[in-house]
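K.L.:
curious how this folds, go ahead:
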Amino acid sequence: MSESSRTQKIFRTISFISQLVVKRMQKIILESIPEGNIIDIGGGGEGIIAQIGRERVTAIDKHQSEIDEAKHKSPESTWVLADAKDLDYSNDHFDNATSFFSIMYMSNEDKKEVFKEVHRVLKPHGEFWVWDSSISKEKGVFLIKIKAILPNKKAVKTAYGVSSKKQTISTTKEILENSGFNVEVVINKKNWFFLKAKK
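P.N.:
Got it, this is the predicted structure:
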């Protein structure tokens, strides 16, 4: 590699790092998840919800690699390769639903479709619990590091990253409400939020 190529590579690396938005480790204590059978949207990867709910959880992910990574952490859970915009379940099938740092990977248009599908497959009065990031940077890469404390006190460290975009708690709440949900609990932290919505 020539000196000029090496210099260009270094500048590209520095440019990329300067655009990377890294939030310090966020500690999230998961004291509980919803009761009954749960559909977990984007449940692959670390499989946080599946690790807690075990056989009660049907984890949906559209990436087989994410399912493969998570399956051994909770083999009792049901793992389904599917797009949450088109769920192959009847109306009123699940008691409750969750999404743990998954909607940050969706456009607002996709969220509208996913939330409507979640609403459809939930039983009357079913709850949808959503944990996710507040993202305000429009350039570079957004990365949030999480230390999730499960009910059994196990600590799971992980990170979630996307190309920077705008995602706010108010927009997410609005999309939930427009999908038929009533948002009953709103917790807004500096870099992440939690919403509990009811059908």
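
K.L.:
isn't residue 47 right next to residue 70, touching?
P.N.:
Yes. With contact taken as CB atoms under 8 Å, residue 47 and residue 70 are classed as touching, separated by 3.2 Å. No exception for glycine: its C-beta is placed from N, CA and C like everyone else's.

K.L.:
what's the spacing between the closest residue to residue 93 other than its chain neighbours and residue 169?
P.N.:
Counting by CB to CB, 6 or more residues apart in numbering, residue 121 is the residue found nearest to residue 93 once chain neighbours are left out, at 4.8 Å. Plainly put, residue 121 is 24 Å away from residue 169 if you go by CB to CB, to the nearest Å.

K.L.:
and residue 63, by the same measure?
P.N.:
Here residue 63 is placed at a distance of 26 Å from residue 169 (CB to CB).

K.L.:
who's more crowded, the two?
P.N.:
residue 169 (20 against 13; other CB atoms under 10 Å).

K.L.:
now do the contacts for that one.
P.N.:
Applying CB atoms under 8 Å, 6 or more residues apart in numbering to residue 169 gives the contacts 134, 186, 188, 193, 195.

K.L.:
go through those and name the one nearest residue 165.
P.N.:
Nearest to residue 165, judged by CB to CB, of the contacts of residue 169 is residue 134 at 11.2 Å.

K.L.:
the closest one against residue 170, yeah?
P.N.:
No. The pair residue 134 and residue 170 does not pass the contact test of CB under 8 Å, sitting 9.8 Å apart.

K.L.:
and residue 181, how far is that from residue 66?
P.N.:
Counting by CB to CB, the gap from residue 181 to residue 66 is 25 Å.

K.L.:
higher neighbour count, the two?
P.N.:
When neighbours are counted by other CB under 10 Å, residue 181 comes out ahead of the other of residue 181 and residue 66, with 24 against 20.
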